[in-house]
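turn this into a model:
(2 chains)
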2 protein chains.
Amino acid sequence: LHKRHQAALKQKLDKLHAADIAYILEVLPLEQRLLVWNLVKSELDGLILLDVSDAVRETLISDMDTEELLSATEQLETDEIADLAPDLPEEVLQELLEHLNDQNRERLQSVLSHREDTVAALMDFGMVTIREDISLGVVLRYLRRRGDLPEHTDKLFVVDKRNALKGVLPLKRLLTNPPEKLVSEIMSKDVVFFHLDDDADEAARAFERYNLLSAPVVDREGKLQGRIGIDAIVDYIREKSDEEMLSQAGLLEEEDISSSVWKSAQNRWFWLAINLVTAFISTRVIGLFEDTIVKVVALASLMPIVAGIGGNTGNQTSMMIVRSIALGVINPSNVKRLIYKELAIGLLNGAVWGSVLGLIAYLLYRDIELGMVMMGATLLNLLVAAIMGIAIPLVRHRLGLDPAVGTSVLLTAMTDGVGFFIFLGLATLVLL
Amino acid sequence: LHKRHQAALKQKLDKLHAADIAYILEVLPLEQRLLVWNLVKSELDGLILLDVSDAVRETLISDMDTEELLSATEQLETDEIADLAPDLPEEVLQELLEHLNDQNRERLQSVLSHREDTVAALMDFGMVTIREDISLGVVLRYLRRRGDLPEHTDKLFVVDKRNALKGVLPLKRLLTNPPEKLVSEIMSKDVVFFHLDDDADEAARAFERYNLLSAPVVDREGKLQGRIGIDAIVDYIREKSDEEMLSQAGLLEEEDISSSVWKSAQNRWFWLAINLVTAFISTRVIGLFEDTIVKVVALASLMPIVAGIGGNTGNQTSMMIVRSIALGVINPSNVKRLIYKELAIGLLNGAVWGSVLGLIAYLLYRDIELGMVMMGATLLNLLVAAIMGIAIPLVRHRLGLDPAVGTSVLLTAMTDGVGFFIFLGLATLVLL
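Numbering: from 1, shown residues only, chains lettered A, B, ... in the order given. Got it, this is the predicted structure:
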């Protein structure tokens, strides 16, 4: 790139929003990405690092020295530093901690000490606190003197002198009530709030259910520790659903379109290897029936169908269960009904599709017994699929594991293996 | 249920938030759900109908007569009525339209005339407009006189007398600037806004990118038509990712855990039928090679593995493409690079996993030629999988179809059929 072009490019970049530069960096191949990255004005470095995807962030950070990283992160809020922390080199993080004031260091350490899927990890510290015994007029003057409000402030938090949360004052009420009224008269005491170690999933659900924009976070003693904003919730929901889709398609983590072939391949090997192992185990069943297949070779082309429809119905069932668990609508009285229902659907599907498949097998090979075997095996395998589709996610959930991740792989392996066994076994009994 | 118990239940329900009652209705089986529904105080009916899932909403609406539906919907905002409209009986909708004032009728008809995935469908009308030539003090007095602000108001919209959007005044700035300043001095003119027929997906991405809480919607002439709030965006993101997951698992639409066996079965038949058809077609390939299988029966237990690993890698590739399309990071210069990359990964994977599978096949059957066939077929099928994994979503996208829905089914059918053909074909050539 020519010097003059670089200057022109830099001029254009200087006019852009950090989020737009982040988007451009995502799209560019590695080499050009780093070139643009070095032209970006350094005040935006921190915000851009926050905005880009994990894969891109890694490439940008590995291009920066300690000095650059420190100046980029120093412009950030404490909660933003916490978001970047896992990707920062240890020595940068240590130096950052030293540079922070006591309050912010404590906050950062508190966030980093909580697990990633807790409320603490979603929290920011952009809260404005007031006391309940002052008038709205005083609050208005205080805000004007303060000069600026943190992003996404839709309510002020009312605390006592111990910093314990007493209520919230929505800006709406502050703006529409006479200035001589007291905060305590106007504030809402019926507050949706969270504890530091509450589940992030539950917080996300509460935000959706009550249409919240922000909510206070308190510690065990009810003291205000931070705030969750809807922006963090949106990011969390997006990330979660992304993760699930990726693992369902057999990817370990987010992969950036410009990451190298070697890195991308590795990212995909974990689930590929697992799939391969399960496929090998389930197809070993076929080896047991080689004699049968040699005698009735039609079985070879029919058996993948029986296995396949089992996998499909099993996945439908397990998806219903995984969703119900995620929505929190499963309870002991439900489970029984759910199991009966899924078994009934399996039986109904088995009768319908079993008949269809049996008929087609008969028409293809003009062999009534083969048609009956196809029908019976389909029916039985759909019942197995229903049972597995219920059992796998429920057991994983009981064991405290994510009911979604890996369920599909496990289930397909089961319905394949059992499907082959039922079909070939029945064929051996009936046809030979 | 006893009368006295009913009274006690009603008392408890009367104290609950509409969203919580909606949650309870979701969890209950049909009969008990309708019982509770009839105890809920009618002022909440409308809000609850909005909150419950589509499947539950249907059961509730079918339990209400025209009178009840009218009184439930009359309490709602125009944009909320628009959300319910698709589920309401025609005569209720007509009567509702007659009851609305001119402005609201026009608004409702405008929303209903736009497609479901446009900005118009996400919009609400809770906007507060001001003129630019007044002082902040006047705005504050106006708001106090108004007495209430629509939910989620984080900014006021500045319009001229033609109702054309001139800028926005964030409440933050209103609160932190001296009252004698003019709106025109303080307002932000650099506004993210949308047109009525903009894509909802794009709006959602803009909300995430710029961390918006609300944004104005204008018509072609720049006149303010409504507002999008982050709550609508969150619902939209959730629904979209839900839809994708459901269709990936082979479900047509959201199914409620208490919907009947018959209805649930029907919901699952669409994708099952498609899967069955594709499975039949792809396994017909096996029939072509029955002679080969009879001679080398080991092929029967190895062929599902070759087909399976093709499906898995193909799904990984197509997921990368679908995501890149969704994130908007695919452009003509990218596509070529992407194709090369996926082919390279396919080649690498083919070499690695082909060797592994070839070796295992050799060890199992002590037949070098069989091992070579396994290796070659795996390598070739992984290349086919990469090509299909790229081509299917890209072509669907070009054709204006959703690149995600159905891609996995189509892809698996291809990798199965082609996988069987390559493996059995190679075996016929080499082994016989």
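
how near is the residue nearest to the spatial centre of chain A to B:Phe193?
For chain A, the residue nearest the mean C-alpha position is A:Lys240 (1.0 Å; Cα atoms, centre = their mean). Shown here: A:Lys240 relative to B:Phe193, a distance of 29 Å by Cβ to Cβ, to the nearest Å. C-beta coordinates here come from the backbone N, C-alpha and C atoms, glycine included.

same check, this time on A:Ala265
44 Å.

picking that back up, tell me the pLDDT at the residue nearest to the centre of chain A?
Listed pLDDT for A:Lys240 reads 84.

disregarding residues adjacent in the polypeptide, which is nearest to A:Asp14?
Computed as Cβ to Cβ, 6 or more residues apart in numbering or on different chains, the closest residue to A:Asp14 that is not its neighbour in sequence is A:Lys41, at 5.8 Å.

what's the answer for A:Ser247, then?
Spatial nearest neighbour of A:Ser247, chain neighbours left out: A:Val405 (4.8 Å); criterion: Cβ to Cβ, 6+ apart.

how is that neighbour classified with respect to secondary structure?
Three-state assignment for A:Val405 (DSSP: H, G, I helix; E, B strand; the rest coil): coil.

so which residues on the stretch 101-250 of chain A come close to chain B?
Contact residues (Cβ under 8 Å from any Cβ of the partner chain) of the stretch 101-250 of chain A with chain B: A:140, A:143-144, A:146-149, A:151-154, A:171-172, A:174-178, A:207-211, A:213, A:230-231, A:233-235, A:237-238, A:241-242, A:244-246, A:248-250.

which of those fall in helices?
In helices, judged by DSSP state H, the following of those are found: A:140, A:143-144, A:146, A:171-172, A:174-176, A:207-210, A:230-231, A:233-235, A:237-238, A:241-242, A:244-246, A:248.

go ahead and build a PyMOL selection from the buried members of the residues you listed.
The buried subset of those, as determined by 16 or more other Cβ atoms under 10 Å in any protein chain shown, is captured in PyMOL by this line:
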select buried, chain A and resi 140+143+171+172+174+175+176+207+208+209+230+231+233+234+237+238+241+242+244+245+246+248
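
which residue ranges of the stretch 1-150 of chain A form strands?
Assignment of strands within the stretch 1-150 of chain A using DSSP state E, counting those that start in this stretch yields the ranges A:129-130.

cool, the stretch 151-300 of chain A as well?
Secondary structure of the stretch 151-300 of chain A (DSSP E, counting those that start in this stretch): strands located at A:155-159, A:165-170, A:194-195, A:214-218, A:224-229.

in TSV: those strands, plus mean neighbour count and mean pLDDT.
Below are the strands of the stretch 151-300 of chain A laid out as TSV (neighbours: other Cβ atoms under 10 Å in any protein chain shown; pLDDT from 0 to 100):
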stretch	mean neighbour count	mean pLDDT
strand A:155-159	24	96
strand A:165-170	20	96
strand A:194-195	20	96
strand A:214-218	23	95
strand A:224-229	25	94
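
could you dump these into a markdown table with distance to B:Leu379 added?
Below are the strands of the stretch 151-300 of chain A laid out as a markdown table (distance: least, Cβ to Cβ, whole Å):
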| stretch | distance to B:Leu379 |
| --- | --- |
| strand A:155-159 | 61 |
| strand A:165-170 | 62 |
| strand A:194-195 | 52 |
| strand A:214-218 | 54 |
| strand A:224-229 | 50 |
